[in-house]
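Novice: Please find the sequence and the predicted model below.
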Number of protein chains: 2
Amino acid sequence: MLPRGRPRAMGAAVLLLLLLLVVGFFLFGRDPDYGLGTTATLDEDPYRSRNLSASSPQLLLPPKCEVMLHVAIVCAGYNSSREIITLTKSLLFYRKNPLHLHLITDAVARNILETLFRTWMVPAVVVSFYDAEELKPLVSWIPNKHYSGLYGLMKLVLPSILPPSLARVIVLDTDVTFSSDIVELWALFDHFSDKQVVGLVENQSDWYLGNLWKNHRPWPALGRGFNTGVILLWLDRLQQTGWEQMWKVTAKRELLTLMATSLADQDIFNAVIKEHPHLVHPLPCVWNVQLSDHTRAERCYLEAADLKVIHWNSPKKLRVKNKHAEFFRNLHLTFLGYDGKLLRRELFGCPNQFPPGAEQLQQALTQLDEEEPCFEFRQQQLTVHRVHITFLPHQPPPPQPHDVTLVAQLSMDRLQMLEALCRHWPGPMSLALYLTDEEAQQFLHFVETSPVLSMRKDVAYHVVYRDGPLYPVNQLRNVALAQALTPYVFLSDIDFLPAYSLYDYLRASIEQLELDSRRKTALVVPAFETLHYRFSFPNSKAELLTLLDAGSLHTFRYHEWPQGHSSTDYSRWREAQAPYSVQWSADYEPYVVVPRDCPRYDPRFVGFGWNKVAHIIELDAQEYEFLVLPEAFSIHLPHAPSLDISRFRSSPTYRNCLQALKEEFHQDLSRRYGSAALKYLTALQQARSRA
Amino acid sequence: MLPRGRPRAMGAAVLLLLLLLVVGFFLFGRDPDYGLGTTATLDEDPYRSRNLSASSPQLLLPPKCEVMLHVAIVCAGYNSSREIITLTKSLLFYRKNPLHLHLITDAVARNILETLFRTWMVPAVVVSFYDAEELKPLVSWIPNKHYSGLYGLMKLVLPSILPPSLARVIVLDTDVTFSSDIVELWALFDHFSDKQVVGLVENQSDWYLGNLWKNHRPWPALGRGFNTGVILLWLDRLQQTGWEQMWKVTAKRELLTLMATSLADQDIFNAVIKEHPHLVHPLPCVWNVQLSDHTRAERCYLEAADLKVIHWNSPKKLRVKNKHAEFFRNLHLTFLGYDGKLLRRELFGCPNQFPPGAEQLQQALTQLDEEEPCFEFRQQQLTVHRVHITFLPHQPPPPQPHDVTLVAQLSMDRLQMLEALCRHWPGPMSLALYLTDEEAQQFLHFVETSPVLSMRKDVAYHVVYRDGPLYPVNQLRNVALAQALTPYVFLSDIDFLPAYSLYDYLRASIEQLELDSRRKTALVVPAFETLHYRFSFPNSKAELLTLLDAGSLHTFRYHEWPQGHSSTDYSRWREAQAPYSVQWSADYEPYVVVPRDCPRYDPRFVGFGWNKVAHIIELDAQEYEFLVLPEAFSIHLPHAPSLDISRFRSSPTYRNCLQALKEEFHQDLSRRYGSAALKYLTALQQARSRA
């Protein structure tokens, strides 16, 4: 740095500061309305100063660490929950301030979003939930024709339900995407006059002009009116102004002639503003670029250098017809497919603002030794994956005392199993999918275009986002298991097709065996395999036995891993007419039906190997009885070996790491079950001496 | 918009403009050196004006459409070519101006990047290539110990090789990532005094202080010196200053005592600046945040609100040890995994600046009818995929007259085939991979951690980036085929393993059969299949026949699609001792060895079905002779059906669309081959009447 110019530059800076204070007062002091046209000539300045500001612009920007920005969003149902995540990603990508999200949700959205934000672990983000159910009575008296329903109207009552300590809040629709830092929007509060309480962008369609079609009678509005997809709400001033009284009076009066709102809250906001124009502070159009079908947004965005917020306010959403749609879609798709874990980054240069558990996790991760041969395993075990439960619309099964949910997990390369699985299992399923954010969108498209899958609402899909090189098989199983809603679960694998009758047969068996009175029972579903791509699935045990005798079917992994299922005792099963009890033996890993509250899978087993074996040991240690069902079966279909199994086979390190995991598992087992766990260790040692 | 405030605001704006002109002159007029400290007090202003600027900041920002920004980058080899793409993505993500990239490349990088940019089709991006080979003599006299080698020094000679019309250019290292709009960096040229010619950020390590270790003798520099990862070069002024003479004199003098440069061009830049400090314009530190191992960058970035450019200038790159490494890595990974096709967006509000072919393509796409049942097929056929040829380091095979390259294509779910394929085929391969940007990184990790794959340099991997719902199988095959470098190609599929001896046997057969003199021959490699995951691969034809008789092997798709290979005549092959000729018949789709200049695959066939059949028809129509090799064989391994084959089986629309494609193919065939093509149509009609 060459210091020669400093004194002169300092003098200039002081002078400039003084001048700006004068000009600023002149311009914003008492009559602060400004529109697009009036600001144009101001722009001489920002250009130079913006570039200069690169070095240290923190002086007048809201301090990046301290100022918490508050955002309120109403969100209900499965699809809006997906939308809000994309919106949040765009917010987080550009933000430099702590954020407090105030989410007004129904039970569905709350369930999804609580899990998501807990597992997302984004530093400097606080999330509060408010029960939309409680707000319904406040707005349900307003007839509304808009597709957002009652939820659309809830923005009107935010001032009464958000905490009184909250002075200002930005309210967003779920269908907006940010392409800039929200702090710039927040800063516009400073431009409000004393009397202004609501910041809004002008509506970018001719709707409120009332000339769209013959006898089109919109609600009253100032000119084109304002759009409520993005609102700056000055909450405490609204309270003082008597907002609640004000909008209700206006709404009731207009409803006398207009019968219902067409655009939900927006109609009422506009009617109030028409009456009290001093309340509104108009925002620059780029903060709510509205992409409805007949948008006039082009007037705004073609001139702008920066688009700040895009609003997909057509019911067609991304499919809206617009000659620039491709451009806007790309901005949106950026965040749709953006890997959310990259947003776990801290706020730079701010004191740590870690969410619960994140700091300990970070410490554990940094203590790992990158040079250690099993480093990848250790790292994968510690990884907290983002989890988006019930990614697609879902109807929980009606409560039935003997119902069974099929539980399994998969990744993209097994999607094609889903249709067949749906044909074989007519009951509820809880499936965990290990996907990238981008793959989750492909999966969505896959389900939507599959007639078989799109009609099934009793299949719950839970997306666990990919992170790390090893497949976290047991973490996935635990997510699917935790989300099963029936009293019993069938713990299966995605490449197995159950007998067509299995769902009915299991429910009948559970009832007959009175399983509820003997909770610690694991019903064993014998496993078979076919090596043929195309193959005619047996309709009965008799047909299955014929295929077995003909050599077209085999007992599962008979050649490669007989110990996995030998305890099931296939020869006894051939003849069995009634359920029979079997004993655990080393490496046993049958597919079982157990009560939903069964032990979880051990998440230390990542990648290939021993992940089910450990779970069955756990069941046995907790004294579950294994009961083989005489008419139950399930058949494994052929597929190429997974990447992890290939690595297991080709890498001695991989096998050594798995061995280390087994040993640690046994140590834990001894700690928890004492001498009773000795038999598992003995079995392991015998297996090792045989190998 | 409420117009009340306008006259007053206008007056204020005019006043502000005048004042700024005065202040601007005072500040920047004659003695424009400024450092970090001096600009601090200026920042009162940017905050307010920046927010106002949201509505129409184009007045003083360089006009977004017209001003072309020039960027020069030296890039050599496979790994730097991957780096530069990530850098380019970060540039494009934030930019709002047309860009002209000046790439100084070796032959490898040019080959890769020419293909990439041609297929990327980004509007408003011009790319010019300069041959690094020609620059080598200009710098090869300088001994250099830096890992960048000669290429690192080439930045010194840019003023002499870039076009004389180019007044200013930003020079970047390949290992930088942008996190802001490059126009803000370009705008800093305006802050240069008349004499300043080079804009640089201070070095953020203590290297040039010379106290890092005992007897550490760095090149001379001003204080910490400057880093040359990001340079603003004022080219015409450099020429006028006699730059070429200047740096050579300095370098020669210093080399008398220092023997070699340690940090390539950077040492010489610093030595020149030490001697002529008036030449340098110091840039704010955020424009080159240097993440070397012992960086002092924290002093810069902890205070800054915005990081503009991150520089991975440690030889460890992303693995650098830095307590904020995770944060910086996330910024970098954002662009590493970013879907490059989203950057095809136009410059908003600018007249169209489409790259060659893009406009026609756009028109064709918009003419498609979204409601048409085969819309997805039409769209997929028109899609131009980004192509990154030779994604990983590759040694082209030495020219040999009978050499054969195995050509195939795959996606992520077949990666695990690669190791086995490498064991079975010791010769060159050209493989197209259909991946997302994120998957390409997983693939890179997979190859790097596989001992088998990482030692093979004769396998060329070409990444074709995913776009659209249908698998563009023939486009992939054409990419792999076009990149094969040997006179012959074996057109295989990824789920086939060739006989261990096949590579040698094919080369011997080509030689014996004197194929060069009878170019239109297709050698048929008979295809078999196993239904077993684990299976002991036959070492000879005799062993294969034993397995065939035992029922552990089958001729390929014998049950499902016998017509695909019936012409090969397996019973004749059993006995054959010499190659024999076979005739085409309907639906024949053997795996063949042909000259590299064989017909391309028909890209209209996307998804499942008929993609190879059409190619074999093309060969037959061009009068290729099909010659079955008696000792050649290849075996298909089992895998789950692909998504596309599942859709083909379950969707009548899918099958109808495929039928439509076939018919169009036949129409084209008739146009090109006249009545000779009649036999294919007849065969198709016969097949339909049978169906």
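Specialist: Cool, the structure landed.
Novice: Low-confidence ranges, chain A, go.
Specialist: A:1-61, A:63, A:305, A:317-323, A:352, A:533, A:640-641, A:690-691 (pLDDT under 70).
Novice: do that again at 50, thanks
Specialist: In the predicted model, chain A carries pLDDT under 50 at residues A:1-7, A:9-10, A:14, A:16-59.
Novice: give me the beta-bridge partners of the spatially most central residue of it?
Specialist: Central residue check for chain A by CA atoms, centre = their mean: the C-alpha nearest the mean position is that of A:His388, 3.5 Å away. On the basis of DSSP bridges, A:His388 is bridged to A:Val463.
Novice: quick one: contacts for it?
Specialist: Residues in contact with A:His388 (CB atoms under 8 Å, 6 or more residues apart in numbering or on different chains) are A:82, A:85, A:112, A:115-116, A:440, A:462-463, A:465. The way it works is simple: take the backbone N, C-alpha and C, and place the C-beta from them, glycine included.
Novice: With A:Leu669 instead?
Specialist: Under the criterion of CB under 8 Å, 6+ apart, the neighbours of A:Leu669 are A:617, A:621, A:677, A:680-681.
Novice: Which phi and psi values does it adopt?
Specialist: For A:Leu669, the backbone dihedrals (degrees, to the nearest 10) come out as phi -60, psi -40.
Novice: What of A:Leu212?
Specialist: Torsion angles, degrees, to the nearest 10, at A:Leu212: phi -70, psi -40.
Novice: Number of residues surrounding it?
Specialist: Burial measure for A:Leu212: 12 neighbouring residues, criterion other CB atoms under 10 Å in any protein chain shown.
Novice: Tally up the residues packed near the residue nearest to it when sequence neighbours are not counted, please.
Specialist: With CB to CB, 6 or more residues apart in numbering or on different chains as the measure, A:Asp206 is the residue that lies nearest to A:Leu212, at 6.1 Å, once sequence neighbours are left out. The number of residues packed around A:Asp206, counting by other CB under 10 Å, is 16.
Novice: Neighbour-wise, give me the winner out of the contacts of A:His388.
Specialist: Most neighbours among these, by other CB under 10 Å: A:Val463, with 27 neighbours.
Novice: Distance check, the closest residue to A:Leu279 other than its chain neighbours against chain B.
Specialist: With CB to CB, 6+ apart as the measure, A:Val197 is the residue that lies nearest to A:Leu279, at 5.1 Å, once sequence neighbours are left out. When distances are taken as CB to the nearest CB, to the nearest Å, A:Val197 and chain B turn out to be 15 Å apart.
Novice: can you list the residues of the stretch 351-500 of chain A near chain B?
Specialist: Neighbours of chain B within the stretch 351-500 of chain A, by CB under 8 Å from any CB of the partner chain: A:412-417, A:419, A:436, A:438, A:442, A:445-446, A:449-450, A:452, A:469, A:495.
Novice: Mind checking which of the residues you listed are in helices?
Specialist: A:417, A:419, A:438, A:442, A:445-446, A:452 (DSSP state H).
Novice: List buried residues within those residues.
Specialist: Of all those considered here, the ones buried according to neighbour count by 16 or more other CB atoms under 10 Å in any protein chain shown are A:417, A:419, A:438, A:442, A:446.
Novice: Just confirm the fourth one contacts A:Met412, I think it does.
Specialist: If I follow you right, that is A:Gln442. Yes: here A:Gln442 lies in contact with A:Met412, judged by CB atoms under 8 Å, at a distance of 7.2 Å.
Novice: and the nearest residue to A:Phe496 once chain neighbours are set aside, what is it in contact with?
Specialist: Nearest-residue entry for A:Phe496: A:Ser634, 4.6 Å, with adjacent residues in sequence omitted and distances by CB to CB, 6+ apart. Taking CB under 8 Å, 6+ apart as the contact definition, A:Ser634 lies against A:492, A:496-499, A:502, A:525-528, A:591.
Novice: beta partners for A:Ser634?
Specialist: Partner residues in beta bridges with A:Ser634, using DSSP bridges, are A:Pro498, A:Ala527.
Novice: same deal with A:Ser411?
Specialist: Applying DSSP bridges to A:Ser411 gives these bridge partners: A:Tyr434.
Novice: any idea how far B:Leu333 is from it?
Specialist: Relative to B:Leu333, A:Ser411 is positioned 20 Å away (CB to CB, to the nearest Å).
Novice: Comparing the two, which residue is more hemmed in?
Specialist: Between A:Ser411 and B:Leu333, counting by other CB under 10 Å, A:Ser411 is the more crowded of the two (23 against 18).
Novice: Report the contact partners of the more buried one.
Specialist: Neighbouring residues of A:Ser411 by CB under 8 Å, 6+ apart: A:433-435, A:471.
Novice: looking at the residues you listed, which has the most residues close by?
Specialist: Among the contacts of A:Ser411, the one with the most neighbours (other CB under 10 Å) is A:Leu433, at 27 neighbours.
Novice: Could you find the closest non-adjacent residue to that one?
Specialist: A:Val463 (5.3 Å).
Novice: tell me the contacts of the one you found?
Specialist: Residues A:387-388, A:391, A:432-433, A:435, A:440, A:443 are the ones in contact with A:Val463 under the rule CB under 8 Å, 6+ apart.
Novice: circling back to that earlier point, who's in contact with the residue nearest to A:Leu212?
Specialist: A:Asp206 sits next to A:212, A:224, A:294, A:296 when contact means CB under 8 Å, 6+ apart.
Novice: Okay, domains of chain A per the record?
Specialist: Domain segmentation of chain A under the TED database yields A:69-341, A:387-686.
Novice: Among those domains, single out whichever gets nearest to B:Met259.
Specialist: Comparing these by their distance to B:Met259 (CB to CB), the top pick is domain A:387-686, with 43.3 Å.
Novice: Quick one: end-to-end length of that closest one, please.
Specialist: The first and last residues of domain A:387-686 sit 39 Å apart, counting by CA to CA, to the nearest Å.
Novice: helix or strand right after the host helix or strand of A:His615?
Specialist: Assessed by DSSP states H and E, A:His615 sits inside helix A:611-621. Next helix or strand after helix A:611-621 toward the C-terminus (DSSP H and E): strand A:625-628.
Novice: In the stretch 551-691 of chain A, mark out all the strands, start to finish.
Specialist: A:553-555, A:580-582, A:591-595, A:625-628, A:634-636 (DSSP state E, counting those that start in this stretch).
Novice: Then the stretch 251-400 of chain A?
Specialist: Per DSSP E, counting those that start in this stretch, the stretch 251-400 of chain A carries strands over the ranges A:280-283, A:289-290, A:309-311, A:387-388.
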